[in-house]
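In: Here's my sequence, what's the structure:
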Amino acid sequence: MGDARPLICALRDPNSVEALSSGEWTELVSIARAESLIGSLAHRLQDVRLPNAVRSVLQDAIGAHDLVRKQALWEAECAQRALVDYSGKIVLMKGTAYVAANLSAGVGRSIGDLDIMVQREDLPVVEPALLDAGWEWVKPDPYDDQYYREHMHELPPLIHRERDRMIDVHHTILPLTARPSPDANAILESAVRLDNGLYLMKPTDMVLHSIAHLFADGDLAGGLRNLWDINLLLRDFAETDDGFWQALAARAAFHGLGRELGRALRLAARLYGTPVPDGPSEPGHFSDCFYVRRLLARDGFGRETRKLTRFAFYVRSHWLRMPPIMLARHLWTKWRKGGMPAN
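Out: As a prediction, the model looks like this:
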């Protein structure tokens, strides 16, 4: 059955692909597409000798992701226009932030929704402004709406009725019921202003948001792409700031994300060869092998594998988000309604 290691190898050492057979190329491209890393792979292999058919596929991916980049920046501008009367900070997050900051993580990066962060107390101002500008609710179900507003780190998702583009409005970086409780006010206060008036998280917070999203919230779906982001962010920031590693460790402790940082450093170094400093915040743990097993759960056709492992991380993701009694009530409610949990 194999796993996603061919993609790891190609991203880590682009020259290694020159020895691939046609069948191995098919597997690599299939896995990269499934993991939303085809654009990143294409950019990574631009200077490598490739079969003509493969180069054509990868050039198409580069073109497609150049368009994605422009769309992401346009959506950010549309949101800014919709919130022109809002006096608070509008902080870009995830892929749009990487692109806006011209970071390596934004090169070829797959970008879906627009993610922004605002002050929680300002949601009564931000929400109607977006609705007036053409966004509407994706989840009209009353239970889902209540769940998001009372327990999640964001409003229910919105989609624009004309452009069919989604926006997620965050007020912090982890669900309110999650074990770690990062300081949202500190993130907003230290955000860095761009020339266009939008904001980015400062480097340490940007890295920790990506780490929190991967290791303290979800079920590791899309984890190879997120870990690739973390790898590139770490490389970019460490290269330009001699004090970055020390500042990152201190900020992780401040936000209660020291354990997640340690896990991220170990796995980034293990899979992508990220040059992390000696003595990460936590020694290697035997459970890392389960994370690697989950992250690599793809076969040569790009299909998900290891159902039991994926299910275990799915359960873990909900366990992290809420206490046992609340989790049981939430899952029971969603089961009765015939759907999967809202988030």
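
In: okay, now the residue nearest to residue 297 when sequence neighbours are not counted: neighbour count?
Out: Closest residue in space to residue 297, ignoring its immediate chain neighbours: residue 306 at 4.2 Å, by CB to CB, 6 or more residues apart in numbering. To be clear about C-beta, it is placed using only N, CA and C from the backbone, and glycine gets the same treatment. Neighbour count for residue 306, taken as other CB atoms under 10 Å: 17.

In: go on, residue 237?
Out: A count of nearby residues for residue 237, using other CB under 10 Å, gives 19.

In: now the one helix or strand it maps to, how far from the centre of its chain.
Out: Per DSSP states H and E: residue 237 is located in helix 223-240. The chain centre lies 11 Å from the centre of helix 223-240; the measure is CA atoms, centre = their mean, to the nearest Å.

In: try stretch 109-116
Out: Remark: stretch 109-116 is offset 9 Å from the chain centroid, using CA atoms, centre = their mean.

In: Give me the contact list for that stretch.
Out: For stretch 109-116, contacts defined as CB atoms under 8 Å, 6 or more residues apart in numbering pick out 36-40, 65, 68-69, 71-72, 75-76, 79, 90-99, 157, 165-170, 225, 229.

In: For it, buried residues please.
Out: Neighbour-count burial for stretch 109-116 flags 109, 110, 111, 113, 114, 115, 116 (criterion: 16 or more other CB atoms under 10 Å).

In: For stretch 213-225, measure first residue to last.
Out: End-to-end distance of stretch 213-225 (CA to CA, to the nearest Å): 12 Å.

In: Then stretch 178-192?
Out: Termini of stretch 178-192 sit 26 Å apart (CA to CA).

In: Break down the chain into its strands, ranges please.
Out: 91-92, 114-117, 135-137, 158-160, 166-170, 192-193, 199-200 (DSSP state E).

In: Which elements pack onto the fourth one?
Out: Going back to what we said before, that points to strand 158-160. Strand 158-160 sits against strand 135-137, strand 166-170, with contacts defined as 3 or more CB pairs under 8 Å, 6 or more residues apart in numbering; DSSP states H and E.

In: Which among those strands is found nearest to residue 57?
Out: Among the helices and strands packed on strand 158-160, the nearest to residue 57 by CB to CB is strand 166-170 (27.5 Å).

In: From the contact counts, what lies against the closest one?
Out: strand 114-117, helix 123-132, strand 158-160.

In: Centre of the chain to it, how far?
Out: Mean-position distance between strand 166-170 and its chain equals 13 Å (CA atoms, centre = their mean).

In: repeat for stretch 14-24
Out: Chain-centre distance of stretch 14-24: 28 Å, with CA atoms, centre = their mean.

In: Now tabulate the buried residues of stretch 109-116 in CSV and tack on distance to residue 317.
Out: Output for the buried residues of stretch 109-116, formatted as CSV (distance: CB to CB, whole Å):
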residue, distance to residue 317
109, 23
110, 21
111, 22
113, 18
114, 23
115, 18
116, 23
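
In: List just the nearest of those residues to residue 272.
Out: Once CB to CB is applied, the member of the buried residues of stretch 109-116 that ends up nearest residue 272 is residue 109, at 15.0 Å.

In: Check what pLDDT the residue lying closest to residue 186 once chain neighbours are set aside gets.
Out: Residue nearest to residue 186 in three dimensions, not counting chain neighbours: residue 254, with 7.3 Å by CB to CB, 6+ apart. Per-residue pLDDT puts residue 254 at 98.

In: in the chain, which helix or strand is least confident?
Out: Within the chain, confidence by mean pLDDT, DSSP states H and E is lowest for helix 324-336 among all helices and strands, at a mean of 61.

In: So for the protein, the centremost residue is which one?
Out: residue 226 (5.0 Å; CA atoms, centre = their mean).

In: got the contact list for that one?
Out: 210, 213, 214.

In: switch to 6 Å and redo it
Out: Contact analysis of residue 226 by CB atoms under 6 Å, 6 or more residues apart in numbering lists residue 214.

In: and residue 85, backbone torsions?
Out: phi -90, psi 0 (degrees, to the nearest 10).

In: Count the residues that sit near residue 146.
Out: Neighbourhood size, residue 146 [other CB under 10 Å]: 12.

In: got a pLDDT number for it?
Out: On the pLDDT scale, residue 146 is placed at 81.

In: same deal with residue 323?
Out: Confidence for residue 323, expressed as pLDDT, is 61.

In: Now tabulate the helices and strands packed on strand 166-170 in CSV and tack on mean pLDDT and distance to residue 219.
Out: Compiled in CSV, the helices and strands packed on strand 166-170 are given as follows (pLDDT from 0 to 100; distance: least, CB to CB, whole Å):
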stretch, mean pLDDT, distance to residue 219
strand 114-117, 98, 18
helix 123-132, 97, 27
strand 158-160, 96, 23
